[in-house]
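[1] Sharing a sequence plus its predicted fold:
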Amino acid sequence: MEDSNADPASAAAAASPPEDFSGNAYGPSLLAEGASPFRRELPEPDVWILTSGGLRIPAHSGILASVSPVLENIIDQPRKHRSSERVIPILGVPCDAVSAFVGFLYSSRCTEDQMEKYGIHLLALSHVYLVPQLKQRCTRALIRRLTAESVADVLQLARLFDAPDLYLKCLKLVHAHFKSVEATEGWKFLQNHDPWLELEILRFMDEAELRKKKRRRNMEDQSLYLELGEAMECLEHICTEGCTSVGPCDAEPARKKEPCGKFTICHGIQLSIKHFATCEKRVGGGCSRCKRMWQLLRLHSSICDQPDSCRVPLCRQFKLRVHQEKRKDDARWKLLAKKLISAKVLSSLSQPKRKRAGEPREEVSDRGIRSMRLSPVASH
């Protein structure tokens, strides 16, 4: 191979294709075992690809034009002399990278070794000559090889060569390992020569943190709504069936009744009911524990669609009061009720299919919330 500083024209004139150039110059051999036999019948090359080192790679204009629209336009340009041979210079990248590029145009294949050595160069060539299949292959290979040491350089090239998947992966890696990336020479070069890209990276990291906080807050809200929904279900269970120590007013709870499946929550509701029934500060609104129980009953009234048959304490009274006074805060209670139902549905959908299939129908729908039939507790 000639020195890269030599004159390309003189080097091209001195260079001649090797005798066995049909396959090896194109990366994977075109005559390899299992290859199509029609490849043996290719006509004589009618175009030469000139590399920076002066290497001349023979090729066929029809194949190049069918894969790359840019090469098709170059081939279709009129020549000054009809007798002159058609030469396409591909400069600025290593000769072996150009050979791998031409080999991909013929065989749609690149070896892992070629991707390891010339992945960035092949990405550049795929962008310049509009070969999307090669760009996708290079993008996947470069993503697998990303490191904190190289990500700053790859990030700049991904933006330059319009590789959005690679660009986004680089941004995520910088965000995840920013302290390590910040110490690299590539990041220092980026800071000194591309402050706009640095600003874009920092903005992405800030937005990612905001999304993370929002997602965490939503998960906490969902958990709170689920707990509140379970509390209302336990209230229904206590007032209709009775639990260990509290039950409907028209039936005595069993003395040796076994704890229910949600006894931790159910036990707390039972204690609150007992306190609510005997608290002397309840009427004046001075008891915070009674206030929470009052809010639980008020929330049920916002969800219940059968107030006439509902046995929840104060359910019908709350609805009549809202209807008569047309209070503005009723919209807030209805919104909270909708969020409870949505949280229950999302929770059921996130469960495995087998678990959902084994549960009763009411557990995966909003029926368990919307049709509560609770009875007055033993406070009457």
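    All right, it came through fine. Residues are numbered from 1 along each chain as shown.

[2] Which positions in the helix or strand harbouring residue 181 come out as buried?
    Assessed by DSSP states H and E, residue 181 sits inside helix 178-182. For helix 178-182, burial by neighbour count (16 or more other CB atoms under 10 Å) applies to residue 181. Just so you know, the C-beta spots here come from the backbone N, C-alpha and C atoms, and that holds for glycine as well.

[3] Show residues contacting it.
    Helix 178-182 is touched from outside by 148, 151, 152, 173, 174, 187, 205, with contacts defined as CB atoms under 8 Å, 6 or more residues apart in numbering.

[4] wait, the fifth one sits on residue 152?
    Which is residue 174. Yes: the criterion here is CB atoms under 8 Å, and residue 174 meets it with residue 152 at 7.5 Å.

[5] neighbour-wise, which of those two wins?
    residue 152 (25 against 22; other CB atoms under 10 Å).

[6] Give me the residue ranges of the stretch 251-380 of the chain where confidence is low.
    Scanning the stretch 251-380 of the chain with the threshold set as pLDDT under 70 gives 251-263, 282-286, 307, 309, 311-312, 323-330, 350-380.

[7] Quick check, pLDDT for residue 234.
    Per-residue pLDDT puts residue 234 at 76.

[8] Now the element after whatever helix or strand residue 123 lives in, going C-ward?
    According to DSSP H and E, residue 123 maps onto helix 112-128. Following helix 112-128 in sequence order, the next helix or strand is helix 132-144 (DSSP H and E).

[9] Mind giving me the packing neighbours of the helix or strand following that following helix?
    Elements were assigned by DSSP H and E; along the chain past helix 132-144, the next helix or strand is helix 151-160. Here helix 151-160 touches helix 112-128, helix 164-176, helix 185-193, helix 195-240, going by 3 or more CB pairs under 8 Å, 6 or more residues apart in numbering; DSSP states H and E.

[10] could I get those as TSV with distance to residue 76?
    Output for these, formatted as TSV (distance: least, CB to CB, whole Å):
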stretch	distance to residue 76
helix 112-128	17
helix 164-176	30
helix 185-193	38
helix 195-240	37
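
[11] Between these, which has the poorest mean confidence score?
    helix 195-240 - the lowest mean pLDDT of those, at a mean of 86.

[12] same for it, what does it pack against?
    Using 3+ CB pairs under 8 Å, 6+ apart, helix 195-240 sits against helix 151-160, helix 164-176, helix 185-193, helix 263-278, helix 288-303, helix 330-350, helix 367-370.

[13] Let's see that with 10 Å instead.
    When contacts are defined as 3 or more CB pairs under 10 Å, 6 or more residues apart in numbering; DSSP states H and E, helix 195-240 packs onto helix 151-160, helix 164-176, helix 178-182, helix 185-193, helix 263-278, helix 288-303, helix 330-350, helix 367-370.

[14] Now do it against helix 164-176, angle only.
    Using axes from the mean of the first three to the mean of the last three CA atoms, to 10 degrees, the direction of helix 195-240 lies 80 degrees away from that of helix 164-176.

[15] Hey, what's the angle from helix 195-240 to helix 288-303? Just curious.
    Going by the same axes, to 10 degrees, helix 195-240 makes 90 degrees with helix 288-303.

[16] what's the angle from helix 195-240 to helix 185-193?
    110 degrees.

[17] what ranges do the strands span in the stretch 1-150 of the chain?
    47-50, 56-59, 86-89 (DSSP state E, counting those that start in this stretch).

[18] Dump the ones you listed into CSV; add mean neighbour count as well.
    Formatted as CSV, the strands of the stretch 1-150 of the chain follow (neighbours: other CB atoms under 10 Å):
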stretch, mean neighbour count
strand 47-50, 20
strand 56-59, 20
strand 86-89, 15
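
[19] would CSV of the helices and strands packed on helix 195-240 with distance to residue 115 be doable?
    Converted to CSV, the helices and strands packed on helix 195-240 look like this (distance: least, CB to CB, whole Å):
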stretch, distance to residue 115
helix 151-160, 13
helix 164-176, 13
helix 178-182, 23
helix 185-193, 20
helix 263-278, 56
helix 288-303, 59
helix 330-350, 39
helix 367-370, 55
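
[20] Mind checking those for the one nearest to residue 84?
    Evaluated with CB to CB, the helices and strands packed on helix 195-240 place helix 151-160 nearest to residue 84, the distance being 34.2 Å.

[21] re earlier: would a markdown table of the strands of the stretch 1-150 of the chain with distance to residue 195 be doable?
    Shown next, in a markdown table, are the strands of the stretch 1-150 of the chain (distance: least, CB to CB, whole Å):
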| stretch | distance to residue 195 |
| --- | --- |
| strand 47-50 | 38 |
| strand 56-59 | 41 |
| strand 86-89 | 35 |
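
[22] Show me whatever sits in contact with both of residue 174 and residue 152.
    181, 182, 187, 190, 201 (CB atoms under 10 Å, 6 or more residues apart in numbering).

[23] ok so, going back, so what secondary structure elements neighbour the helix holding residue 123?
    Under the contact criterion of 3+ CB pairs under 10 Å, 6+ apart, helix 112-128 touches helix 95-107, helix 132-144, helix 151-160.

[24] at 7 Å instead, please
    Helices and strands touching helix 112-128, by 3 or more CB pairs under 7 Å, 6 or more residues apart in numbering; DSSP states H and E, are helix 95-107, helix 132-144.
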